[in-house]
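Q: heads up, no residue letters with this:
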Ligand code: HEC
């Protein structure tokens, strides 16, 4: 069998294989990290993300993740970064990559008030980014026992 354009054949083959390899992971990443019940109340984790965001990130990233003249709009960033990129940035910080004005994203690796709740903050920003949550305080469901256990295991 001979191909006039072997590179194109190889690229197509790679794309076909990549679809099989990547799709299960992609399906997982696609799952929404927040949930809403029929009364319009968000799960407790997402509500907690709202609170933690506003105590730790708001000062630079503006109210409700919308960005400020100092730091980027995180409702847009999470679309691009996804969970892994978001987590990586919060852990390691970022030095002057997307601007030229020496404005740095600090590392939060040693801040337990962020690291214990980083998934909650992500869930909150994902709900904001998907447009299912406006800039107001979300209505919330009760705190589940699992969340209480998680907090006491994580916080010093
Ligand atoms: C002291 C100010 C400051 C605080 C507090 C802060 N950030 Fe940032 N953050 C920045 C700046 C400035 C940038 C842009 C850095 C750059 O240009 O590379 C940034 C970038 C980011 C990015 C990458 C955005 C992108 O589009 O690539 C993420 C994600 C992020 N911050 C999340 C958070 C979260 C979550 C919190 C709260 C736990 C937080 N930040 C708190 C200043 C801050």
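A: Arrived safely, thanks for sending. All values derive from a computational prediction rather than experimental measurement. Numbering: from 1, shown residues only.

Q: Only C-alpha atoms from now on, for both contacts and neighbour counts.
A: Fine.

Q: so who does the most centrally placed residue in the chain touch?
A: Geometric centre of the chain, nearest residue: residue 122, 3.5 Å, by C-alpha atoms, centre = their mean. By C-alpha atoms under 8 Å, 6 or more residues apart in numbering, the residues touching residue 122 are 33, 49, 78, 83, 86.

Q: In strands, which of those residues appear?
A: When these are checked against strands using DSSP state E, none is located there.

Q: In CSV: the residues you listed, plus neighbour count.
A: Output for those, formatted as CSV (neighbours: other C-alpha atoms under 10 Å):
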residue, neighbour count
33, 18
49, 21
78, 20
83, 17
86, 18
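
Q: where's residue 80 relative to the ligand, distance?
A: According to C-alpha to the nearest ligand atom, to the nearest Å, residue 80 stands 7 Å off from the ligand.

Q: same for the helix or strand that residue falls within, what does it pack against?
A: Using DSSP states H and E, residue 80 sits within helix 74-92. Contact partners of helix 74-92 among helices and strands, from 3 or more C-alpha pairs under 8 Å, 6 or more residues apart in numbering; DSSP states H and E: helix 118-129.

Q: Tell me the gap between the helix it packs on and the middle of its chain.
A: A distance of 5 Å separates the centroid of the chain from that of helix 118-129, by C-alpha atoms, centre = their mean, to the nearest Å.

Q: just checking: which of the contacts of residue 122 also lie near the ligand?
A: Contacts with the ligand within the contacts of residue 122, counted by C-alpha under 6 Å from any ligand atom: residue 86.

Q: With respect to residue 61, which of the contacts of residue 122 is nearest?
A: Within these, the smallest distance to residue 61 is 12.9 Å, found for residue 78 (C-alpha to C-alpha).

Q: Confirm for me that the closest one is in contact with residue 129.
A: Yes. Here residue 78 lies in contact with residue 129, judged by C-alpha atoms under 8 Å, at a distance of 7.3 Å.

Q: So which of the contacts of residue 122 is the closest to residue 140?
A: Relative to residue 140, the closest of these is residue 49; by C-alpha to C-alpha it sits at 11.3 Å.
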